[in-house]
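Asker: Provided below are the primary sequence and the corresponding predicted coordinates.
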Amino acid sequence: MKTNSFSLNFSSPHIMAVLNVTPDSFFDGGILCDRNHQINISLALEKVDSYLKSGASIIDVGGESTRPGAEPVGVNEELDRVVPVVEAIVERFDAFVSVDTSSPLVITESANVGAVMINDVRALSRKGAVEAAAMANISVVLMHMNGEPANMQLAPSYKDEVDEVKSFLLERAGICEFGGIERKKILIDPGFGFGKTLEHNLQLFRSLNKLSELGFPMVVGVSRKSMIGEILGKPLDERLFGSVALAMLAVQRGANIIRVHDVAATADVLKVLHAVKEEI
Ligand code: PT1
């Protein structure tokens with residue numbers, strides 16, 4: 001019997017490893033799912049094995065790309081991509097599996113096969129999503145996004161991005177609690193690159209402490225994103241050092257979970273940071 005229970009000790013940071021089962025992932029181009037939509041389960045399991053050996057605590061399975069410009073996929077397609085992979089991981093490994101989805105049906109079906117967390121870039125705003133997560137008694141990551149992936153980078157604008165992200169996350173957390181999701185099962189994420197210019201992203205990054213003061217565990221995803229590309233003037237495959245630098249800075253500003261593609265490199269950096277950190 002699967003209990004869907006998720007517990008991590010947040011006295012040190014954790015790594016959430018990205019496992020894309022999409023044909024159009026922004027980072028790996030979709031090696032786990034080919035253009036004929038065949039999912040390569042054994043390749044996915046090999047990747048999970050290496051992520052866990054490198055120090056990941058959570059495997060984040062995603063069947064719909066949410067990078068800037070991405071188009072949504074149908075729910076059946078998403079189910080076909082995600083559920084078999086989650087099931088195979090849970091059967092074979094003792095790992096926490098999270099599912100990157102906004103769809104109530106995918107939430108329910110993923111929980112049924114053993115996922116312990118829903119990572120939603122739309123903060124459970126789709127009709128029925130809060131109810132599905134509450135029924136499944138599953139942990140949820142509520143992320144801030146301005147717009148939809150297809151159009152969010154066209155002209156992002158805020159009066160005060162830090163205030164707006166903070167009040168949005170508080171409001172969504174309140175709605176989730178009211179809808180029956182236990183407070184201790186709620187995590188938050190400012191959503192770097194989701195309807196934000198470089199300046200918005202940097203301002204939010206400088207204020208991560210303020211978001212962590214809301215009292216929810218905080219997830220941060222910056223791995224290989226264009227904010228690093230803009231700072232460095234470098235393409236996707238040359239953003240590793242920038243990514244680990246931001247991972248370290250995020251943890252220093254209160255992040256509890258770092259969502260990354262490069263698990264081994266991030267784990268080393270966080271271990272070194274932890275060793276140097278003065279005990280309080
Ligand atoms: C994230 C995140 C996510 N990011 C959470 N889930 C993506 N909780 C998917 C770019 O600017 O940060 N937190 N799920 C990936 N999305 C993007 C966004 C990828 C922006 C790339 C960019 O390059």
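Answerer: Yep, it's here. The model shown is predicted, which means the values in this text are computed figures rather than measured ones. Numbering: from 1, shown residues only.
Asker: can we go C-alpha only for contacts and neighbour counts from here?
Answerer: Will do.
Asker: sort out which residues of the helix or strand containing residue 171 are buried, please.
Answerer: In this structure, residue 171 sits in helix 161-178 according to DSSP states H and E. Residues of helix 161-178 classed as buried: 161-162, 165-166, 168-170, 172-173, 176-177 (neighbour count, 16 or more other CA atoms under 10 Å).
Asker: and for stretch 71-89?
Answerer: Here stretch 71-89 shows 75, 78-83, 85-89 as buried, counting by 16+ other CA under 10 Å.
Asker: likewise for stretch 262-280?
Answerer: Quick answer for stretch 262-280 (16+ other CA under 10 Å): 262-267, 270, 274.
Asker: just stretch 176-185 next, same as before
Answerer: Applying 16+ other CA under 10 Å to stretch 176-185 flags 176-177, 179, 181-182, 185 as buried.
Asker: how long is it from one end to the other?
Answerer: 10 Å (CA to CA, to the nearest Å).
Asker: can you list the weak-confidence ranges in this structure?
Answerer: 1-4, 24-27, 29-31, 33-37, 279-280 (pLDDT under 70).
Asker: and which of the buried residues of stretch 176-185 is nearest to the ligand?
Answerer: residue 185 (14.4 Å; CA to the nearest ligand atom).
Asker: do you know how far the closest one is from residue 155?
Answerer: Residue 185 sits 33 Å away from residue 155, going by CA to CA.
Asker: residue 219 now?
Answerer: For residue 219, the distance to residue 155 equals 25 Å [CA to CA].
Asker: who's more crowded, those two?
Answerer: residue 219 (27 against 11; other CA atoms under 10 Å).
Asker: that one: what secondary structure?
Answerer: strand (DSSP: H, G, I helix; E, B strand; the rest coil).
Asker: please identify which helix or strand holds residue 19.
Answerer: Going by DSSP H and E, residue 19 is part of strand 14-20.
Asker: and that strand, C-alpha only, in CSV?
Answerer: What follows is strand 14-20 as a C-alpha-only set of coordinates in CSV (Å, rounded to 0.1, in the frame of the first residue of the first chain):
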residue,chain,number,x,y,z
HIS,A,14,18.0,18.9,-1.1
ILE,A,15,18.3,18.3,-4.8
MET,A,16,15.3,17.7,-7.1
ALA,A,17,16.5,16.1,-10.3
VAL,A,18,14.7,16.9,-13.5
LEU,A,19,13.5,13.9,-15.5
ASN,A,20,11.9,15.1,-18.7
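Asker: touching the ligand at all, that strand?
Answerer: No: judged by CA under 6 Å from any ligand atom, strand 14-20 stays clear of the ligand, getting no closer than 8.3 Å.
Asker: and the angle for the next helix-or-strand element following that strand with strand 14-20?
Answerer: Going down the chain from strand 14-20, the next helix or strand is helix 41-54, by DSSP H and E. On the basis of axes from the mean of the first three to the mean of the last three CA atoms, to 10 degrees, helix 41-54 is oriented at 160 degrees to strand 14-20.
Asker: buried ones in helix 41-54, by neighbour count?
Answerer: For helix 41-54, by 16+ other CA under 10 Å, it's 41, 44-45, 47-49, 51-52, 54.
Asker: max pairwise distance over those: which two?
Answerer: 41 and 54 (19.8 Å; CA to CA).
Asker: of the buried residues of stretch 262-280, which belong to helices?
Answerer: With DSSP state H as the criterion, helices contain 263-267, 270, 274 from among these.
Asker: show me which of those residues neighbour the ligand.
Answerer: Of those, not one also sits near the ligand (CA under 6 Å from any ligand atom).
Asker: just these now: which is nearest residue 208?
Answerer: Nearest member of these to residue 208, counting by CA to CA, is residue 270, at 17.3 Å.
Asker: contacting residues for the closest one?
Answerer: Residues near residue 270 by CA atoms under 8 Å, 6 or more residues apart in numbering: 13, 247-248.
Asker: mind running it again at 7 Å?
Answerer: By CA atoms under 7 Å, 6 or more residues apart in numbering, the contact list for residue 270 reads residue 248.
Asker: residue 109 too?
Answerer: residue 83.
Asker: how near is it to the ligand?
Answerer: Per CA to the nearest ligand atom, to the nearest Å, residue 109 is found 19 Å from the ligand.
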